[in-house]
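> model this:
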Amino acid sequence: MPATTPTTVPPLISGGIMLTYHCTNTCRHCLYRCSSRHEKHFMSEALIDATMGALAKEPTLHGIHMAGGEATLNYKRLIYAIRSARRAGISIDYLETNASWCADKQTARDGFTRLREAGLRAVLISVSLFHNEFIPLAKTKTGIRAAVDVFGSQGVVVWTPEVLQQMDAHLDEHRTHSLEESCESLGLDLRQGDVWKMHNYLTPGGRAAERLVDGLLTRPAESFQGDACGRVLENTTHFHIDPFGNLYTGRCPGISVADVGDLHPTISTTKHPVYCQLAEGGPVWLWRGLAPDFVPNPKGYVSKCHLCLDVRKHLRANGQYEELRPDEYYRE
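Numbering: from 1, shown residues only. As a prediction, this is how the structure comes out:
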């Protein structure tokens, strides 16, 4: 079925620079499918400068945040990226970190001080049951206290404080807990989807669509017919640029029609069939138009993003579509 042609990627408003897909964790909820099993590849200094140069030309850009993976795994490169953004006149809203490196308060304070001296003004520290499978809560709390010392309370975002409060009340802060163990301690039923209520910001795509769907209402693939993705894909209020320079819009990792070399290419059905099928008709169009041999999961899907990921993984395994990149996203 044909798809009409969007014009191009709209002007960028706000987004993240993913310096790496490598992480200390392989969290079950990760939208970007970051992992400790990924190669320790970081965005090069040359690509960082090219990225900041390209973003500096965006007339509507409000600011960016630094992210990964875990960006602190290469402090030298992270500091270079902060300084590169400053040289380009780009505002950095915050750095995302899981605080896995905050072994003690002095180490954490020293690390945050180096980042502040490079030009960072705020930090977001992740707190969740998913992170706690890999990082003891004591490290997270140490990181929060040290960050407040360095950046002040207004420069520290805890994501999210409600989850931190519950974890602090019910879990042993000195060790990690499996998700199943945490749920039992907090009176949550993992098989009924209670973690989605506690972490209400979760997106039903990425690894969460594969690892956290138990207990959620599912629908047959055909029921998403006509649920187009154009408005989502054209949303640039939370874009990401990955360590290879690929641009993701609409919180849709693994689909990229643009890169740092050209953030606003002309989008065509010939060159960008996956994007165009999704924009005009959603994942059912993608399935019917490009993957007629795809067999939907008879158990159904919790969202169109869940279905989309399944179809795209099928396309990656059975065809060559340049838009479906990079390998890291589809590797596991």
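> and Ala3, what's its pLDDT?
At Ala3, the predicted lDDT confidence score is 49.
> actually Gly319, not the one I typed
78.
> check the one 10 residues further on too.
According to the predicted model, the pLDDT of Tyr329 comes to 95.
> mind listing the strands for the stretch 1-150 of the chain?
Under the criterion DSSP state E, counting those that start in this stretch, the stretch 1-150 of the chain contains strands at 14-18, 63-67, 92-97, 123-126.
> which other helices and strands contact the shortest one?
For strand 123-126, the packing partners by 3 or more C-beta pairs under 8 Å, 6 or more residues apart in numbering; DSSP states H and E come out as strand 92-97, helix 137-151, strand 156-159. Bear in mind the C-beta positions are built from the backbone N, C-alpha and C, glycine included.
> among the strands of the stretch 1-150 of the chain, which is nearest Ala208?
strand 123-126 (14.5 Å; C-beta to C-beta).
> so how far is His131 from Glu39?
22 Å (C-beta to C-beta, to the nearest Å).
> counting neighbours, go ahead and name the busier of those two.
Taking other C-beta atoms under 10 Å, Glu39 and His131 do not tie; His131 has more neighbours (24 against 12).
> give the contact list for that one.
Asn25, Cys27, Asn98, Thr140 (C-beta atoms under 8 Å, 6 or more residues apart in numbering).
> and the closest residue to the first one other than its chain neighbours, what does it touch?
Computed as C-beta to C-beta, 6 or more residues apart in numbering, the closest residue to Asn25 that is not its neighbour in sequence is Phe134, at 4.2 Å. Contacts here follow C-beta under 8 Å, 6+ apart; on that basis Phe134 touches Thr24, Asn25, Thr26, Cys27, Asn98, Ser100, Thr176.
> again, only using 7 Å
Thr24, Asn25, Thr176 (C-beta atoms under 7 Å, 6 or more residues apart in numbering).
> any idea how many residues pack against the residue lying closest to the first one once chain neighbours are set aside?
This means Thr24. Once flanking residues are discounted, Thr24 sits nearest to Ser100: 4.3 Å by C-beta to C-beta, 6+ apart. Ser100 has 20 neighbouring residues, counting by other C-beta under 10 Å.
> same question for Glu323.
20.
> same thing with Tyr21?
28.
> contact partners for it?
Per C-beta under 7 Å, 6+ apart, neighbours of Tyr21: Cys34, His38, Gly69, Pro243, Glu328.
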